[in-house]
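Undergrad: Here is my input, please return the structure:
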Amino acid sequence: MTENAADEPTTTFADLDLKPELLDALTALGYEEPTPIQRETIPTLIAGRDLLGQAATGTGKTAAFALPILQRLAPGPRGPEPSALILVPTRELAVQVSEAIHKYGRGLGARVLPIYGGQPIGRQLQALGRGVDVVVATPGRALDHIGRRTLKTGSLAMVVLDEADEMLDMGFADDIESILESTPETRQTILFSATMPPRIEKMVRAHLNDPSRILIARERTAPGDAPQVRQAAYMVRRSHKPAALGRVLDVESPTAAIVFCRTRAEVDSLTETLNGRGYRAEPLHGGMSQEQRDKVMARMRSGAADLLVATDVAARGIDLDQLTHVVNYDVPSAPESYVHRIGRVGRAGREGVAITLAEPREQRMLKQIESLTRQKITIEKVPTVADLRTRQLEMTRAALEESLTEDGDALDRFRVVVETLSDEHDLMEIALAAVKLAHEASGASGDEEEIPEVAARPEREGRGGAGGSGPKRGRPPMSGPTTRLFVGAGRSGGIRPQDLVGAITGETQLSGREIGAIEISHKFSLVEVPEASADAVVTALRAATIKGKKTAVRRENP
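TA: Residues are numbered from 1 along each chain as shown. Sure, this is the predicted structure:
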């Protein structure tokens with residue numbers, strides 16, 4: 001049965017019959033009452049039932065499964081083998097969940113260990129050898145330890161799959177199957193996912209025993225209240241995206257923001273561009289070492305940086321309390337990715353902002369996202385130079401007002417300057433000159449150029465179908481020399497013309513209308529591109545993935 005707890009009466013953690021040690025920990029951490037998913041999930045898990053929970057990021061699901069795990073720990077000395085295993089998609093989330101469980105279970109002496117790639121395996125082996133109660137792991141590293149027989153699964157009473165849809169998107173399906181097969185059939189299985197695609201339902205049928213199903217919808221706001229996440233999109237051509245992003249950030253003035261990009265190269269390039277505009281931006285992608293990633297996150301959390309430019313995979317599991325904005329530098333190829341991204345803001349009653357920079361050809365993808373989220377994405381105009389200057393003047397005025405309010409006594413030492421100038425100049429003119437100097441000293445730019453306004457493309461009927469092959473219909477012949485590229489993926493891999501077009505335009509500077517005929521066979525595809533761009537396309541596609549997989553790419557006749 002699906003339950004929605006939005007209208008339930010107020011419940012306290014004490015009403016959930018948790019151990020005194022857990023209640024003390026929650027009080028010390030400032031938790032006042034359980035969130036809807038905690039209220040619904042904790043009694044069910046303590047009772048021992050399998051559970052399927054659908055909830056977005058930021059609803060409190062970590063405590064929803066962590067507290068029952070700690071509640072069921074045996075009192076007194078415990079054996080060396082873990083009683084609970086939590087699988088998560090990324091190392092960042094493994095650390096985050098592990099830290100949370102450690103805080104909740106400190107009074108119970110809970111032994112918690114995160115294991116993930118990029119961390120010295122010797123340290124993990126030593127900790128596992130000493131004995132642990134709860135293991136929080138990425139699937140690949142968990143399977144590695146199971147294969148080494150250093151992670152014993154025979155005593156597992158509970159297994160949690162957190163952000164299961166993300167793990168499947170990252171290609172961990174086989175690893176998860178192998179891990180679950182190594183665990184006792186009597187285990188309690190808990191699965192949480194933000195979305196419920198068919199493959200999640202398939203996993204539920206295969207591995208969960210008559211699960212309780214709990215759906216926690218996003219909080220609805222009362223009529224007239226501001227939504228928790230304001231969603232907006234700006235139509236802009238690719239060549240103008242860096243300038244448009246800077247303009248939007250200048251006007252929005254986020255406290256902290258994550259800017260999502262598709263590729264590592266784009267992350268590095270955009271970070272450099274933003275730093276050139278005076279922002280404190282940090283990159284985060286899979287090409288960085290764990291030490292580099294930890295330093296980046298430390299700078300974000302300390303406020304030394306205010307923009308994180310990241311790929312989806314690198315940013316999964318990241319939780320920043322001060323985050324106010326999420327920016328999609330490109331429209332996510334999967335609507336579910338959009339849901340995960342924007343779930344990072346608008347938490348705990350705070351208003352967040354989700355911004356998407358969309359090219360005209362991506363309007364259909366925005367419609368798909370609206371259909372999935374059942375929320376409107378407002379199409380707004382990129383701020384003009386006049387908008388930017390107005391915003392900059394507002395910020396200067398606010399800074400001056402703050403100085404007048406808080407620095408009254410400290411202003412007296414400047415009085416002699418004003419009095420001296422007032423002998424020869426009008427006080428208003430003196431004030432105007434002072435404001436001008438303050439405005440220019442703030443870094444306000446006076447040489448911005450207008451970004452051309454772009455209208456969304458109208459939807460056209462009869463455009464290429466999902467499983468079509470052969471040349472793209474309605475496309476004029478390409479001018480200039482062309483060449484065909486061999487792509488080692490075809491219909492058997494679910495490849496469609498739009499997948500190839502999206503990959504090429506997303507990884508290179510080519511636009512959709514610069515791509516010629518596409519032929520899709522059972523095992524491979526052929527794509528026509530301008531001769532001058534062929535090598536760049538080959539290099540870009542070899543470094544990227546198509547439908548989540550690395551694919552062989554070369555000229556048709558090398």
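
Undergrad: any idea of the pLDDT on the most centrally placed residue in the chain?
TA: Nearest to the mean C-alpha position of the chain, counting by Cα atoms, centre = their mean, stands Arg341 at 3.5 Å. pLDDT, Arg341: 83.

Undergrad: And for Val331?
TA: pLDDT, Val331: 85.

Undergrad: try Gly465
TA: For Gly465, pLDDT reads 36.

Undergrad: buried residues in stretch 535-551?
TA: If you call a residue buried by 16 or more other Cβ atoms under 10 Å, then stretch 535-551 has these buried ones: 537-538, 540-541, 544, 546, 551. No exception for glycine: its C-beta is placed from N, CA and C like everyone else's.

Undergrad: If we only consider those residues, which is nearest to Asp169?
TA: Ile546 (14.2 Å; Cβ to Cβ).

Undergrad: Wait, that closest one touches Ala489, no?
TA: Yes - counting by Cβ atoms under 8 Å, Ile546 does reach Ala489; the two are 5.8 Å apart.

Undergrad: Give me the distance between the residue nearest to the centre of the chain and Arg280.
TA: 21 Å (Cβ to Cβ, to the nearest Å).

Undergrad: can you check His207 too?
TA: 45 Å.

Undergrad: Could you do Gly490 as well?
TA: 45 Å.

Undergrad: Specify which residue of these two has the higher count of neighbours.
TA: Gly490 (17 against 14; other Cβ atoms under 10 Å).

Undergrad: Following the chain onward from the longest helix along the chain, which element is next?
TA: Counting residues, the longest helix in the chain under DSSP state H turns out to be helix 385-406. Once the chain leaves helix 385-406, the next helix or strand it forms, by DSSP states H and E, is helix 415-422.

Undergrad: So for that following helix, what gets flagged as buried?
TA: Per 16+ other Cβ under 10 Å, helix 415-422 contains no buried residues.

Undergrad: from the middle of its chain, how far away would it be?
TA: Helix 415-422 has its C-alpha centroid displaced from the chain centroid by 54 Å (Cα atoms, centre = their mean, to the nearest Å).

Undergrad: what sits up against stretch 518-536?
TA: 468-472, 478, 480-492, 495-497, 500-501, 504, 508-510, 514-517, 537, 555-556 (Cβ atoms under 8 Å, 6 or more residues apart in numbering).

Undergrad: wait, Gly516 sits on Thr483?
TA: No - counting by Cβ under 8 Å, Thr483 is not a contact partner of Gly516; they are 9.6 Å apart.

Undergrad: low-confidence ranges in the stretch 301-450 of the chain?
TA: Residues of the stretch 301-450 of the chain meeting the criterion pLDDT under 70: 316-317, 333-334, 346-350, 388, 391-392, 395, 406-409, 439-449.

Undergrad: Please name every helix or strand in contact with the helix or strand Glu201 falls within.
TA: In the assignment (DSSP H and E), Glu201 maps to helix 198-207. Judged by 3 or more Cβ pairs under 8 Å, 6 or more residues apart in numbering; DSSP states H and E, helix 198-207 is in contact with helix 164-169, helix 173-181, strand 188-193.
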